[in-house]
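**Q** Next come a sequence and a model predicted from it.
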Amino acid sequence: MLIIGIIVGFFACGVTKVFKLMNHYWSEKFYKCPLYVKFIIAFLISGIIGIIIPYSIGGGMQLINLAIQRKVIFTSLLLLLFVKTLLALFLNNTGVTGGMFIPTLCQGTLLGAILAEIFIKLGISSEYYFIIVMISMISYLASIQRVPMTAIIFSMELFGSVNNILFVILGVFLSFMIIEMFNNRSLNDISLEQRLKVDNKNRVKVFKEMTMVVQSNSFAIGKTIRDIFWPADCQVLSLIYNTKQAAIKDGEKHIHEGDLVKLRYARYLDDKDETLATLKSILGNQEMNEMDTTS
């Protein structure tokens, strides 16, 4: 089980590095390309690959079942893992993919089936095939998406018991530690960050501070700091009551009429009206004086 967790962790690191490179290249070279052209490219490539290797396209549930039942030969497992991983990463970059959860499970299952076949050839009983595949699948999910607790809970639902939970936890722990050692981020975070960079490529981001007075009958009255959906990248620095100042530590302080709310936020230079309008809708209509600050 130690070997499984370590191998899965390094494999997840490699996949993440490849995804970063593909994401960067696609964003730099094709960011001006219309969305429908990206879709056409993605469908053509996936269609051609699907004709040649049918099980390489789709979510992968049928392939997961076949691998678990040990109905896929070793060379096919290697080929499918390679092709399906690259194809899933490519489609995720184009925005065509419907999600990464099932493809991630499929990749982990294929990797586990490969490891299980190797271990069996080295003398381990074939009775352990299923548990090796499952531990690999859960560990890969935990590391590549950085969701260890979700993966462990999912494994309990998958097994229907906690009989093998210690092996699962060990595999998840080791694979996640490998990811932590290399400071890898989840695929979803990388994809989201890159898309935001592309969408805001030529926009200038500024950082501002401002103190606002809570107006009568405003939306914020009676609510706590954490109850309110503040604008993106907005931080409440302090809440000053009419008579005394109270430090904001846990978001439990209630807001009253006449309180002073000091805010720090980041916005793009061309969306001033949108940000200020959102703050006015929360704290009430008033004169607003922004002050520049550092990031």
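**A** Looks like it arrived, so ask away.

**Q** okay, now the domains of this structure?
**A** 2-196, 204-292 (automatic domain parsing).

**Q** what about the shortest one, start to end distance?
**A** Taking C-alpha to C-alpha, to the nearest Å, domain 204-292 runs 14 Å from one end to the other.

**Q** ranges for the helices of the stretch 51-200 of the chain?
**A** Here the stretch 51-200 of the chain has its helices, by DSSP state H, counting those that start in this stretch, at 61-68, 74-94, 101-121, 129-144, 148-159, 165-181, 187-199.

**Q** relative to helix 101-121, how tilted is the longest helix seen in the chain?
**A** In the chain, assigned by DSSP state H, the helix with the most residues is helix 2-30. Between helix 2-30 and helix 101-121, the angle comes out at 140 degrees (axes from the mean of the first three to the mean of the last three C-alpha atoms, to 10 degrees).

**Q** Show the average pLDDT along helix 2-30.
**A** The average pLDDT within helix 2-30 is 87.

**Q** Stretch 73-91 now?
**A** pLDDT averaged over stretch 73-91 gives 91.

**Q** Buried residues in that stretch, which are they?
**A** 76-77, 79-81, 83-91 (16 or more other C-beta atoms under 10 Å). (Each C-beta comes from the backbone N, C-alpha and C, glycine too.)

**Q** Now do it: everything it contacts.
**A** Under the criterion C-beta atoms under 8 Å, 6 or more residues apart in numbering, residues 15, 18-19, 22, 42, 45-46, 49, 53, 55-57, 60, 63, 67, 72, 97, 100, 103-104, 106-107, 110-111, 113-114, 117, 187 lie in contact with stretch 73-91.

**Q** quick one on the thing from earlier: right, so the domains of the chain: which one is the most enclosed?
**A** domain 2-196 (a mean of 18; mean count of other C-beta atoms under 10 Å).

**Q** May I have the distance across that one, first residue to last?
**A** First-to-last residue span, domain 2-196, C-alpha to C-alpha: 38 Å.

**Q** same question, stretch 240-253
**A** 10 Å.

**Q** measure residue 91 to residue 107 for me?
**A** In this view, residue 91 and residue 107 are 13 Å apart by C-beta to C-beta, to the nearest Å.

**Q** what's the answer for residue 138, then?
**A** Relative to residue 107, and taking C-beta to C-beta, residue 138 is found at 12 Å.
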